[in-house]
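Trainee: Need a 3D model of the sequence below.
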Amino acid sequence: MKKISTLTAAGVLVILIATPYTGVYREWKVYTLVILGLVIAILSVSIRKELHKVLKVIHGDDKESIKDTYVENNPQ
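Mentor: The predicted structure is shown next:
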């Protein structure tokens, strides 16, 4: 959840900084937008990897989830 909140905050900062009516110097805007773009890219890749891992566990494609299951072998 912290990653998604950070991603949302970075997106809001991009919107606020990119508008031409803010009193931010042009060089600062460029540096800030580049840094925020890198943060957004890193966070989105990280969230995508976590989502992919969760989907693999849900669909049963993950080998680790099979090892963690409990199987009772008592004949009745």
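Trainee: Where is the longest helix in this structure?
Mentor: Longest helix in the chain by number of residues (criterion: DSSP state H): helix 26-59.
Trainee: What helices and strands are in contact with that one?
Mentor: Packing partners of helix 26-59 (3 or more CB pairs under 8 Å, 6 or more residues apart in numbering; DSSP states H and E): helix 2-18. C-beta here means a position set from N, CA and C on the backbone, and glycine is covered the same way.
Trainee: still on that earlier bit, please identify the buried residues of the longest helix of the chain?
Mentor: For helix 26-59, the neighbour count (16 or more other CB atoms under 10 Å) marks 32, 36, 39, 40, 43 as buried.
Trainee: Out of those, which is nearest to residue 58?
Mentor: residue 43 (22.3 Å; CB to CB).
Trainee: Tell me the pLDDT of that closest one.
Mentor: Note on residue 43: pLDDT of 90.
Trainee: Could you check how far the spatially most central residue of the chain is from residue 38?
Mentor: With distances taken as CA atoms, centre = their mean, residue 47 lies nearest the centre of the chain, 2.7 Å away. The gap separating residue 47 from residue 38 is 15 Å, by CB to CB, to the nearest Å.
Trainee: count of residues packed around the closest residue to residue 29 other than its chain neighbours?
Mentor: Spatial nearest neighbour of residue 29, excluding adjacent residues (CB to CB, 6 or more residues apart in numbering): residue 17 at 5.6 Å. Other residues lying near residue 17 total 15 when counted by other CB atoms under 10 Å.
Trainee: Contact partners for residue 17?
Mentor: If a contact means CB atoms under 8 Å, 6 or more residues apart in numbering, then residue 17 has 24, 29, 32, 33, 36 as its contacts.
Trainee: Check the gap between it and residue 49 for me.
Mentor: 28 Å.
Trainee: swap in residue 30?
Mentor: Relative to residue 49, and taking CB to CB, residue 30 is found at 29 Å.
Trainee: Below-threshold pLDDT in this structure: ranges please.
Mentor: 1, 62-76 (pLDDT under 70).
Trainee: gap between the residue nearest to the centre of the chain and residue 29?
Mentor: Relative to residue 29, and taking CB to CB, residue 47 is found at 26 Å.
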